[in-house]
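J.: with the input below, show me the fold.
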Amino acid sequence: MLDVVLGFLKIGCFCFGGAYGAIPMIREMVLANGWMTEERLAYMIAVSESTPGPIMVNLATYVGQACAGPLGAVLSTVAVVLPSFVVILLVTALLKNAMKNRVVQAVLAGIKPCIIGVVIAAGLQMIARTNAQADVRTLLVTAVLLAIAMGHMILKKKPVNAMTLIGISAVLGAVVFA
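T.: Numbers count the residues shown, from 1 in each chain. All right, here's what the predicted structure looks like:
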């Protein structure tokens, strides 16, 4: 249980960019320690994305439960959230004007493309390792969603709401795969 808690504390400390940026680290930790199979982890990631709450917290809770029971679930959840909680308290207390600083804005702007790359790489690795097959229908739905997202960005000069994309993908999935 200590390994699970320390692992999620490490993930909470060193992951930047939210849950999608943390998935590769969680995957590496879970598989390296043999806590669950690639297939089970991929399933849990899908479940974590569809249930309320932050994905990283849901994953920590699930892995903690699977490896160490209810106490493991609670401790893993606290461990993954604690570093962010402490950092937010410090930032709020000490750096109220940090977001107005050009250097801070430049650093955050530089990190965004890196996080996008990490998320894409994690998705491609999951597809490759779980032997998922991208058929024409899957590619069609992906292309339509990408076109909608890019079209909205070009026309409205802002990203499309994630909930809108999720709703559209649900409708497309029901129509295309029914």
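J.: from V104, how far out is the nearest residue in space to F16 that is not next to it in sequence?
T.: Excluding the flanking residues, the one nearest F16 by C-beta to C-beta, 6 or more residues apart in numbering is I111, at 6.4 Å. No exception for glycine: its C-beta is placed from N, CA and C like everyone else's. Using C-beta to C-beta, to the nearest Å, I111 is found at 11 Å from V104.
J.: give me the common contacts of those two.
T.: Common contacts of I111 and V104 (C-beta atoms under 8 Å, 6 or more residues apart in numbering): none found.
J.: quick check: chain neighbours aside, which residue is closest to the residue positioned nearest the centre of the chain?
T.: Nearest to the geometric centre of the chain sits Y20, at 2.1 Å (C-alpha atoms, centre = their mean). Spatial nearest neighbour of Y20, excluding adjacent residues (C-beta to C-beta, 6+ apart): V119 at 4.3 Å.
J.: how's the chain carved up into domains?
T.: Annotated domains of the chain cover 2-132, 134-178 [automatic domain parsing].
J.: and those domains as a markdown table, adding mean pLDDT?
T.: What follows is these, written out as a markdown table (pLDDT from 0 to 100):
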| stretch | mean pLDDT |
| --- | --- |
| domain 2-132 | 84 |
| domain 134-178 | 84 |
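J.: just name the most buried of the ones you listed.
T.: Sort the domains of the chain by mean neighbour count, taking mean count of other C-beta atoms under 10 Å, and domain 2-132 sits at the top with a mean of 16.
J.: what helix or strand is the residue nearest to F16 located in?
T.: Assigned by DSSP states H and E, I111 belongs to helix 102-129.
J.: quick check: angle from the helix or strand that that helix is followed by to helix 102-129?
T.: Of the helices and strands lying after helix 102-129 in sequence (DSSP H and E), the nearest is helix 136-156. Helix 136-156 and helix 102-129 are oriented at 160 degrees to each other (axes from the mean of the first three to the mean of the last three C-alpha atoms, to 10 degrees).
J.: how far does helix 136-156 sit from the chain's center?
T.: 20 Å (C-alpha atoms, centre = their mean, to the nearest Å).
J.: return the list of helices and strands in contact with the following helix or strand past that helix.
T.: Per DSSP H and E, the first helix or strand lying C-terminal to helix 136-156 is helix 162-177. Judged by 3 or more C-beta pairs under 8 Å, 6 or more residues apart in numbering; DSSP states H and E, helix 162-177 is in contact with helix 136-156.
J.: residues making contact with stretch 167-178?
T.: For stretch 167-178, the surrounding residues in contact (C-beta under 8 Å, 6+ apart) are R137, L140, V141, V144, L145, I148.
J.: with distance to V78 added, can I get the residues you listed in TSV?
T.: Shown next, in TSV, are those (distance: C-beta to C-beta, whole Å):
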residue	distance to V78
R137	42
L140	43
V141	38
V144	40
L145	35
I148	38
